[in-house]
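Trainee: kindly return the folded structure for what I paste below:
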Amino acid sequence: PEEVPQSLGTRFVAAFNNAPTYAATKKWVKGEMSNFQYLMLINTMAGRTFNDLTQYPVFPWVIADWTSEELTLRDPKVFRDLTKPMGCQTPAREAEFRERYKQFADMGDDTAPPFHYGTHYSSAMIVSSYLIRLQPFVQSYLLLQGGSFDHADRLFDSIGKAWLSASQENMTDVRELTPEFFYLPEAFVNINKYDFGVKQSDGLAVDHVQLPPWAKGDPEIFIAKHREALESPYVSWKLHAWIDLVFGYKQRGEAAVAAANVFNHLSYQGARDLDAIDDPVERLASIGIINNFGQTPYQVFSKPHPAREVGRSALQRLDIQAEYLVRLPDPLFESNEKVCNLTFAEPLGKLLCAGPARLELAPRYDRYVQWNFADNSIRSFSSNTKRLVGLNENMHIGPISAAVLADSKTLVTGGADCTIGVWAVNATKDLVDFQMRSYLFGHRKAITILSASRVFSTLLSVSSDGHALLWGLNRLNCIRVLLPPGGPIVQSAKISNLTGHVAICHGPRLSLYTINGHLLVQQKIGEAETEEITCCAFYEGAGNEYVERELILTGHANGVANVWALTTLDDGGWHLQLLKRLNHVDGRREDGGNTVAAITAILPMPAAVYTGDELGKVWEWDCVPRSGSQSVKAR
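Mentor: Numbering: from 1, shown residues only. Below is the predicted model:
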């Protein structure tokens, strides 16, 4: 709340303004970074953080249509005017705020410079009000409110009403949004069953947030469509104008006055030196004003922000052109053992094909680990010389049954002893060693599947009795049970690094959960028992790009791989839509049988899909057929 000194962040911003063009801005202009990621980066550069409600990240309202049954993002009328602040979304309201500024300016008070808005677009109260249904924000709200909830009619319970208040009806409301409006559906559900009271206006109790009709009553659909709107061509084309208002050259000075974008002078950095105020009452009052009113972000850009280049799109991107996948005629790689894992090693520019009980060690991929030895050890080898560079014994009582790398420094193992081991990876030039961090207990049968996402700091474990658990990798504790023990046998399971969704495959069925345990869809995607799902994977895009469709790829026992898109039905339900069937007609068994080899590994890349089967063959499928040599080398 107090004046922030010249910190590393402010020096970084100053250096940025002196730089000709920042690398992230170049990437965003070229369409190589999503709008969400770029806004988060700018918020961070401007000193905004999730750890301070008074300087919480700011995101724009992008939608103005909160009443239609369907959201048509091709219609410009659906969108908010991003070239103007929230106080100027209607001509009448803009005229009133400009008149207010003129009246303050005519008073000529040097101690209180004129402003358009007596409230702010981001404050601790605005943030805690938006997120009041979640901890710890409800406690912050109660602290700000004096220990009790405000009158029910003044609580946030309708997104459409909040838009009308901030854009048209209320002269003291010009609030923007928070990032959670684009990724956190739980923020709109009263999952904790708080008693917010009953509204006098209609006699209804405040409970879940009222969503627009086009969300079909499902917060997951609302988040998906709202994020789609944020990444739409119209918003991409106009977003630089909003950045100018909040983080750029229209934030201060004459440009701010011309744009009707001036706030109370105490909200700006350096407006008052709190340490220089001798009167303790005045000093506390100033701090209180800053705390309650809100703080304007640091000015990141001193010049007009460049617009995004129009019409740029990746011609060879899997989420756009999955329907056009074509298999290259010859296998990319052949071996004598089943392909269990496919990894693209960026430093080597190679596709690494691993057999059973083997993991490639990131980030250099010059060593790998293997298990399933007679002494139940796990051993590390050099990829080039095959020389033994590490030997660890007694990691479990009995054999190791599964393993996964959560990141380059964390190995997770599962054993036939029903335990999960978390190990720190210590790799030097000549030695690889694993040091125990913790054991996790929760299963009563052997661990069969492990999948980890460092992006979400989450581990998924499945045992032979179908028991599926989610664990937190930060505190190494059990978060929730997805499947109780005694269910169907699970053949494959994965966590998406892009959305946090969890796919669990049992027989010909696929169950898709959110990372918070909500079942989105459970669907039979194989018609016969021969179509049992043997492996699965999520398409996670390239870097910070926005993925237009969430793709799930499944490999089946009958030698087929399928590409599915997660879509919504007219009634608001979720459904897996088949986009492409990848038939491996050449993968027949060498023992003379007619059964096609099962697909045992699958790796989606930005412009291609790689599949491996139980005969050791790896195939490449491209969105657009390439001429000449293979696109990547395999090992």
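
Trainee: contact partners of the longest helix along the chain?
Mentor: When the chain is parsed with DSSP state H, its longest helix is helix 91-107. Contacts to helix 91-107, defined as C-beta atoms under 8 Å, 6 or more residues apart in numbering, come from residues 84, 87-88, 112-117, 167-168, 171, 257, 260, 262. (Glycine included, C-beta is placed from N, CA and C.)

Trainee: buried sites along it?
Mentor: Across helix 91-107, burial judged by 16 or more other C-beta atoms under 10 Å covers Arg93, Glu94, Phe97, Arg100, Tyr101, Phe104.

Trainee: by pLDDT, give me the weakest of those residues.
Mentor: Among the buried residues of helix 91-107, Phe104 carries the weakest pLDDT, at 90.

Trainee: give me the mean pLDDT for stretch 519-530.
Mentor: pLDDT averaged over stretch 519-530 gives 86.

Trainee: where in the stretch 201-350 of the chain is pLDDT low?
Mentor: Scanning the stretch 201-350 of the chain for pLDDT under 70 picks out 271-272, 311-315.

Trainee: quick one, helices of this structure?
Mentor: For the chain, applying DSSP H gives helices covering 8-18, 23-29, 35-45, 91-107, 124-130, 137-145, 159-164, 219-230, 233-246, 253-258, 280-293, 318-321.

Trainee: what's the most buried one of those?
Mentor: helix 124-130 (a mean of 23; mean count of other C-beta atoms under 10 Å).

Trainee: now it - C-alpha only, PDB.
Mentor: What follows is helix 124-130 as a C-alpha-only set of coordinates in PDB (Å, rounded to 0.1, in the frame of the first residue of the first chain):
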ATOM      1  CA  ALA A 124      -8.700  -5.200  -2.700                       C
ATOM      2  CA  MET A 125     -12.500  -5.000  -2.300                       C
ATOM      3  CA  ILE A 126     -13.200  -5.500  -6.000                       C
ATOM      4  CA  VAL A 127     -10.900  -8.600  -6.100                       C
ATOM      5  CA  SER A 128     -12.200 -10.200  -2.900                       C
ATOM      6  CA  SER A 129     -15.800  -9.500  -4.100                       C
ATOM      7  CA  TYR A 130     -15.300 -11.300  -7.400                       C
END
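
Trainee: which residues touch that helix?
Mentor: Under C-beta under 8 Å, 6+ apart, the answer for helix 124-130 is 53-54, 56, 120, 137-138, 140-141, 144, 155-156, 175, 177-178, 180-181, 187, 291-292, 294.

Trainee: Ala424 contacts Arg437, doesn't it?
Mentor: Yes. Under the criterion of C-beta atoms under 8 Å, Ala424 makes contact with Arg437 at 5.5 Å.

Trainee: what is in contact with these two at once?
Mentor: Common neighbours of Ala424 and Arg437 (C-beta under 8 Å, 6+ apart) are Thr410.

Trainee: and Phe333, how far from Asn372?
Mentor: Applying C-beta to C-beta, to the nearest Å, the value for Phe333 to Asn372 is 22 Å.

Trainee: if I pick Gly160, what's in contact with it?
Mentor: Gly160 sits next to Trp66, Thr67, Gln210, Pro212 when contact means C-beta under 8 Å, 6+ apart.

Trainee: any chance of these in a markdown table, plus neighbour count and distance to Leu351?
Mentor: Below are the contacts of Gly160 laid out as a markdown table (neighbours: other C-beta atoms under 10 Å; distance: C-beta to C-beta, whole Å):
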| residue | neighbour count | distance to Leu351 |
| --- | --- | --- |
| Trp66 | 20 | 47 |
| Thr67 | 10 | 50 |
| Gln210 | 18 | 49 |
| Pro212 | 21 | 44 |
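
Trainee: okay, now the unreliable bits of the stretch 401-550 of the chain?
Mentor: Residue ranges of the stretch 401-550 of the chain with pLDDT under 70: 529.

Trainee: neighbours of the residue nearest to Pro233 when sequence neighbours are not counted, how many?
Mentor: Excluding the flanking residues, the one nearest Pro233 by C-beta to C-beta, 6 or more residues apart in numbering is Val310, at 7.6 Å. Val310 sits with 9 neighbouring residues when counted by other C-beta atoms under 10 Å.

Trainee: and Val310, how far is that from Phe373?
Mentor: With distances taken as C-beta to C-beta, Val310 is found 58 Å from Phe373.

Trainee: I'd say Pro508 and Gln523 touch.
Mentor: No. The pair Pro508 / Gln523 is not scored as a contact, 9.6 Å apart, by C-beta under 8 Å.

Trainee: of those two, who's got more company?
Mentor: Neighbour count, other C-beta under 10 Å: between Pro508 and Gln523, Pro508 has more, with 19 against 15.

Trainee: so who does Glu532 touch?
Mentor: Glu532 makes contacts with Gln491, Gly507, Pro508, Gly526, His556, Ala557, as judged by C-beta under 8 Å, 6+ apart.

Trainee: scan the residues you listed and report the most crowded one.
Mentor: Neighbour max across those (other C-beta under 10 Å) = His556, 26 neighbours.

Trainee: excluding its backbone neighbours, what's nearest it?
Mentor: Using C-beta to C-beta, 6+ apart and skipping residues adjacent in sequence, the residue nearest His556 is Glu531, 4.9 Å away.

Trainee: ditto for Leu266
Mentor: In this structure, Leu266 finds its nearest non-sequential neighbour in Ile289, 5.4 Å apart by C-beta to C-beta, 6+ apart.

Trainee: so what's Pro363 up against?
Mentor: Pro363 makes contact with Pro347, Ser408, according to C-beta under 8 Å, 6+ apart.

Trainee: how near is it to Asn394?
Mentor: 28 Å.

Trainee: now swap in Asn372 and tell me
Mentor: Asn372 is 15 Å from Asn394, by C-beta to C-beta.

Trainee: the more surrounded of those two?
Mentor: Neighbours were counted for Asn372 and for Asn394 using other C-beta under 10 Å; Asn372 has more, 13 against 8.

Trainee: check contacts around the residue nearest to Val596 when sequence neighbours are not counted.
Mentor: Excluding the flanking residues, the one nearest Val596 by C-beta to C-beta, 6+ apart is Gly559, at 2.9 Å. Contacts for Gly559 (C-beta under 8 Å, 6+ apart) come out as Asn583, His584, Val585, Gly587, Val596, Ala597, Ala598, Ile599, Asp613.
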